[in-house]
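Asker: Predicted model and sequence follow; I will ask about them next.
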Amino acid sequence: VTVYLVGAGPGDPGLITARGLELVRSCDALVYDRLVSTELISEAPPGAIRIGRDHLEQAAIDDLLLRLGRHRHRIVRLKGGDPFVFGRGGEEALALIDAGIPFEVVPGVSSISAVPASAGIPITHRGVSSQVTVVSGHAPGELDIDALAALQGTLIIFMGLHALAEIVEGLLAAGKPPETPAAVISRGSTPEAETVVAELAAISDAARTLPTPALVVVGEVVALSAALQQEALSLLGEPARVPA
Ligand SMILES: C[S@@+](CC[C@H](N)C(=O)[O-])C[C@H]1O[C@@H](n2cnc3c(N)ncnc32)[C@H](O)[C@@H]1O
């Protein structure tokens, strides 16, 4: 028995790794997250058990993996992006170790860089940003806003849409220039993708109606998006697809 903790990529089903897709196509059981595309779920063999983890607490997921691990040979735990980037992959790996169940981590393309890239934003750029800070906006009270406001480079906020007004207010109060370019990218790398670009002081109003999942990018690199997205559109053509 082996449990594979597999990254599904940021949304576009073509962005799973070759190894990840091979495992999905040969699994006995697939346990997947809400952010995983239906195209990838349908790649599992017809006889495989498929379980969506919506509404399950983390302890219930850990328990489910352990129970499946006792009866099935090849279990794929498919997670959005990369399992070890705000994905609780580490918690699941520790539970598997405790239970003595072998596992393998198959990294994925994280939304950290893939979602900004899909909107024409490179998270680093020579002469513009050589430093990236990544935070979760889930519990804004836990952020060191003064330190974040003082940092140079690019700030990336996961799970930050709900608390965006509070986070922005804190950054501005701590001295971050209000005209700093900012972007919110919703459902990046999918056909429903939407990007809003505005100055930091205006970004939470501008992004108010965007649906989740959404990634927030703050920094001068955002100003490159207009030029790069134009070019990327002409280079990319059709979005990627799962290979046959
Ligand atoms: C629980 S975290 C999972 C991150 C994932 N493990 C990764 O490596 O990308 C979910 C957050 O990731 C970001 N996210 C994931 N997919 C996204 C997408 N397609 N577009 C925009 N943001 C996304 C959002 O900030 C969302 O709230």
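Answerer: That came through, no problem. Computed from a predicted model, the values in this text were never measured in an experiment.
Asker: For the lengthiest helix in the chain, list every residue counted as buried.
Answerer: Assignment by DSSP state H gives helix 58-71 as the longest helix of the chain. Buried residues in helix 58-71, counted by 16 or more other Cβ atoms under 10 Å: Ile61, Asp62, Leu64, Leu65, Leu66, Leu68, Gly69. Where you see a C-beta, it was placed from the backbone N, CA and C, and this is true even at glycine.
Asker: Return the member of these nearest to the ligand.
Answerer: Among the buried residues of helix 58-71, Ile61 lies closest to the ligand (Cβ to the nearest ligand atom), at 13.0 Å.
Asker: For the closest residue to the closest one other than its chain neighbours, what are phi and psi?
Answerer: Spatial nearest neighbour of Ile61, excluding adjacent residues (Cβ to Cβ, 6 or more residues apart in numbering): Arg53 at 5.5 Å. Taking degrees, to the nearest 10, you get phi -100, psi 10 for the backbone angles of Arg53.
Asker: Can you report how many residues lie near Arg53?
Answerer: By the measure other Cβ atoms under 10 Å, the count of residues near Arg53 is 19.
Asker: Pretty sure Val134 sits against Met159.
Answerer: No: with contacts counted by Cβ atoms under 8 Å, Val134 stays clear of Met159, the gap being 11.3 Å.
Asker: Buried residues in the following helix or strand past the longest helix of the chain, which are they?
Answerer: Sequence order places strand 74-79 as the next helix or strand after helix 58-71, per DSSP states H and E. For strand 74-79, a neighbour-count test (16+ other Cβ under 10 Å) marks Ile75, Val76, Arg77, Leu78, Lys79 as buried.
Asker: what sits up against strand 74-79?
Answerer: Outside strand 74-79, the residues that touch it by Cβ atoms under 8 Å, 6 or more residues apart in numbering are 1-8, 20, 23-24, 26-33, 35-36, 40-41, 44, 65, 68-69, 83, 87-89, 92, 108.
Asker: near the ligand, which of the residues you listed show up?
Answerer: Filtering those for proximity to the ligand by Cβ under 6 Å from any ligand atom leaves Leu35, Gly87.
Asker: Show me which of the contacts of strand 74-79 are buried.
Answerer: 3-8, 20, 23-24, 27-33, 35-36, 40-41, 44, 65, 68-69, 83, 87, 89, 92, 108.
Asker: so where is the chain shaky, pLDDT-wise?
Answerer: Residues of the chain meeting the criterion pLDDT under 70: 55, 230-244.
Asker: and the residue of it nearest the ligand?
Answerer: For the chain, Cβ to the nearest ligand atom, closest residue to the ligand: Gly81, 1.9 Å.
Asker: hang on, that residue packs against Leu15?
Answerer: No: using Cβ under 8 Å, Gly81 is not in contact with Leu15, being 9.5 Å away.
Asker: Now tell me what touches stretch 124-133 from outside.
Answerer: Contacts of stretch 124-133 (Cβ under 8 Å, 6+ apart): Ile123, Leu148, Leu151, Gln152, Gly153, Thr154, Leu155, Ile156, Gly219, Glu220, Val221, Leu224.
Asker: Show me how far it is from its chain's centre.
Answerer: Its chain's C-alpha centre and that of stretch 124-133 lie 20 Å apart, by Cα atoms, centre = their mean, to the nearest Å.
Asker: export it as CSV, just CAs?
Answerer: The C-alpha coordinates for stretch 124-133 follow below in CSV (Å, rounded to 0.1, in the frame of the first residue of the first chain):
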residue,chain,number,x,y,z
THR,A,124,10.6,38.3,-9.7
HIS,A,125,12.1,40.5,-12.3
ARG,A,126,15.6,41.7,-12.6
GLY,A,127,15.9,45.3,-11.5
VAL,A,128,12.3,45.3,-10.2
SER,A,129,11.9,42.6,-7.5
SER,A,130,14.5,40.2,-6.2
GLN,A,131,12.6,39.2,-3.1
VAL,A,132,9.3,37.4,-2.7
THR,A,133,7.3,37.1,0.6
